[in-house]
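>>> below are the sequence and a predicted model for it; my questions follow.
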Amino acid sequence: ITYNTERYRFTDGTWVAEKQPGHWTQWGLTHDDVGNLYWSTNSDPLAQAHLHPKYWGIPHRVAPGAKLPRVPVELPTPYTPDFLFGDSSCLLSDRGGTAQARRQFTSACGQSVYRGDKFPIDARGDYFFCDPTIHVVRRASVSRSTGLVSLSRDEPPGTEFLRSSDINSRFINTAEGPDGCLYITDMYRGIIQDAPWLNEQARANITEAGLHDNIRNGRIWRIRHRDFKPRRADEMPRMSEESTFALLRHLESPAGWWRDTAQREIILRDDRETVIPQLEAMARFTEAPLTRLQALWTLEGIAPIHLELLGSIAKDRDPRLRRAAIQIAEAALDDSKTFDLVARPLANDPDPMVAQQLILSLGMTPGHPDRAEVIVSASRPHSGSEGVRVAATLSLWEMRDLPFVQDIGAGTAFDAGTNSLWKNAFANWDRALQFPEDMPETERRRITGGEAIYFKNCVSCHGADRKGMGIPGTEHLLAPSLADSTRVKAEPTELIQVMLHGLIGPIEGKNYQAGFMAPAAALGITRDDRL
């Protein structure tokens, strides 16, 4: 569902709506094997899908009424700026005339994560998305090595996973099929933009080229790998014709399509509760972790899971299962029994993704008296994880009297470099800007937009207090102070040039350890109204 402030769950024959902060997806939503969500917003092929949007509401829970940014902690863009450009083989423009081969994505859509078993192993978990305006399908590798998601392109520069030189070719969706192949929807249409986007000259060019006549010619591409044989028609499932018990075997499939479809079919059946014992046994004892995981979430879709089972899953050898146990128990972590069976044993978990999830889930349930203690315990072993740092920033929001927070403020919680990163993260607590009552809304948006850019790109060198980040053990700074800078307070012309083109070398005879300031384009800032 696009541009919506709700998500939906089908339970006991009816749809249940749950509010979500903001509308955060535009042209597609998908998930990977463990349920991480991926979404896009037009010119952004992967929005900041580092964590579920519901967790942005944590600060609003603990600081009701506060005027907080919709995204309270600015996170890094999940790719380098050059990732935003596709290499098209169609050199014609939708508005007439020619177009450059290398163009920026403007209609990123139709994403999917490949979870099949008929591509080489290195393709599993890859992220595919389309752009019909430049006629390409991009394939990207997904990493969460820092606890936050990042993408990198798989094909060499100058190429794409799929592209067409035909201006009518409009790739708009990707999906794994039951045969293990990748399916791509091609709208194959001459005009795809809405009327306000086209001026009179563009309309004349389209008519002259005959693009307006190309309708009703959509097609679907099946992409198969030459070294793998797709499943034959007689190997395809007929799940709607199978008994609920028979559907359980599909949860053991290596292919995500089969597991997801079987899970959905089971949950929709009137006799779904008859297979609860078998699902519990699969979640506990099946050898394959993904089967245990799928069985667990199928159980969660049918009825509340027994607390004893969640406690057992919280001890599973696979961190993906332990993380799922926290997610499922999240709404009940205020309960002492649930807390002691699930949260407390995982306070020192060796996996940073488990620690990150535990911290976020405890932020959603702030009632237990030991909540902060467990959050701190989970944070300390993973202080270098950016995802853990973000989670702690949200879930400890404005707990300034906590000894852990005071130690960070004093610079004694971790080594100097790590401590600085945590101090910058907690500085997000002070970002609630105050405006004069008569300030126009457009001006307010510009200022808050500028603040977001600062916390995303500049804070690591100039510091959250804008006084420059210090080098541990020295009196040197990474970058100059902005708080008392005459350039910052003067006319903006010179400052804009620095932002646009970057800066290198000493400033007023003084050298700074970072050595240079990158130009705006290198930071992914390309719009003039954001300089």
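Alright, I've got the coordinates.

>>> the stretch 51-200 of the chain: strands as residue ranges?
For the stretch 51-200 of the chain, the strands defined by DSSP state E, counting those that start in this stretch occupy 85-87, 102-104, 109-113, 127-131, 136-143, 150-153, 162-163, 171-176, 182-186.

>>> neighbours of the closest residue to residue 452 other than its chain neighbours, how many?
Of all residues not flanking residue 452 in the chain, residue 74 sits nearest, at 5.4 Å (C-beta to C-beta, 6 or more residues apart in numbering). To be clear about C-beta, it is placed using only N, CA and C from the backbone, and glycine gets the same treatment. Neighbour count of residue 74, defined by other C-beta atoms under 10 Å: 19.

>>> give me the helices and strands touching the helix or strand of the chain with the lowest mean pLDDT, please.
The weakest-scoring helix or strand in the chain, judged by mean pLDDT, DSSP states H and E, is strand 516-517 (a mean of 78). Packing partners of strand 516-517 (3 or more C-beta pairs under 8 Å, 6 or more residues apart in numbering; DSSP states H and E): strand 503-504.

>>> each with direction, which strands does the strand it packs on pair with?
If you go by DSSP bridges, strand 503-504 pairs up with strand 516-517 (antiparallel).

>>> measure the residue nearest to residue 452 to residue 424 for me?
For residue 74, the distance to residue 424 equals 10 Å [C-beta to C-beta, to the nearest Å].

>>> same check on residue 46?
Residue 46 sits at a distance of 24 Å from residue 424 (criterion: C-beta to C-beta).

>>> swap in residue 190?
Using C-beta to C-beta, residue 190 is found at 50 Å from residue 424.

>>> and if you look at residue 444?
24 Å.

>>> same thing with residue 284?
Distance of residue 284 to residue 424, computed by C-beta to C-beta: 43 Å.

>>> swap in residue 290?
As judged by C-beta to C-beta, residue 290 and residue 424 stand 37 Å apart.

>>> between residue 46 and residue 424, which one's more packed in?
Legend: neighbour count by other C-beta under 10 Å for residue 46 and residue 424, higher for residue 46 (23 against 19).

>>> residues touching the more buried one, list them.
Going by C-beta atoms under 8 Å, 6 or more residues apart in numbering, residue 46 touches 38, 39, 40, 78, 79, 111, 127, 129, 149, 151.

>>> what's the answer for residue 433, then?
Counting by C-beta under 8 Å, 6+ apart, residue 433 touches 67, 447, 448, 451.

>>> neighbours around the residue lying closest to the first one once chain neighbours are set aside, how many?
Using C-beta to C-beta, 6+ apart and skipping the chain neighbours, the partner closest in space to residue 67 is residue 432 (5.2 Å). As a burial measure, the neighbour count of residue 432 was computed by other C-beta under 10 Å and equals 13.

>>> same check, this time on residue 480
Residue neighbour count, defined by other C-beta under 10 Å, stands at 21 for residue 480.

>>> how far away from the center of its chain is the strand or helix carrying residue 264?
Using DSSP states H and E, residue 264 falls within helix 256-268. Remark: helix 256-268 is offset 24 Å from the chain centroid, using C-alpha atoms, centre = their mean, to the nearest Å.

>>> quick one: residue 326 and residue 364 touch, right?
No. Look at residue 326 against residue 364 with C-beta atoms under 8 Å: they stay out of range, at 10.5 Å.

>>> looking at these two, which is more packed in?
Legend: neighbour count by other C-beta under 10 Å for residue 326 and residue 364, higher for residue 326 (25 against 17).

>>> show the contacting residues for that one.
Residue 326 makes contact with 314, 342, 343, 346, 354, 357, 358, 361, according to C-beta under 8 Å, 6+ apart.

>>> how close does it sit to residue 425?
When residue 326 is compared with residue 425 (using C-beta to C-beta), they lie 22 Å apart.

>>> next, count neighbours for residue 409.
Residue 409, neighbours per other C-beta under 10 Å, totals 14.

>>> wasn't it part of a helix?
Yes. Residue 409: assigned to a helix according to DSSP: H, G, I helix; E, B strand; the rest coil.

>>> count of residues packed around the nearest residue to it once chain neighbours are set aside?
Spatially, and ignoring its direct neighbours in sequence, residue 409 is nearest to residue 423 (6.7 Å; C-beta to C-beta, 6+ apart). If you count neighbours by other C-beta under 10 Å, residue 423 ends up with 20.

>>> helices or strands up against the helix or strand containing residue 423?
Element membership for residue 423 (DSSP H and E) is helix 416-426. Counting contacts by 3+ C-beta pairs under 8 Å, 6+ apart, helix 416-426 packs against helix 386-395, helix 403-410, helix 459-462.

>>> so residue 39 makes contact with residue 24?
Yes. With contact defined as C-beta under 8 Å, residue 39 reaches residue 24; the gap is 6.5 Å.

>>> joint contacts of those two?
Counting by C-beta under 8 Å, 6+ apart, the shared contacts of residue 39 and residue 24 are residue 47.

>>> what sits against residue 123?
Going by C-beta under 8 Å, 6+ apart, residue 123 touches 114, 139.

>>> how far away is it from residue 154?
8 Å.

>>> quick check: neighbours shared by those two?
Common neighbours of residue 123 and residue 154 (C-beta under 8 Å, 6+ apart) are residue 139.
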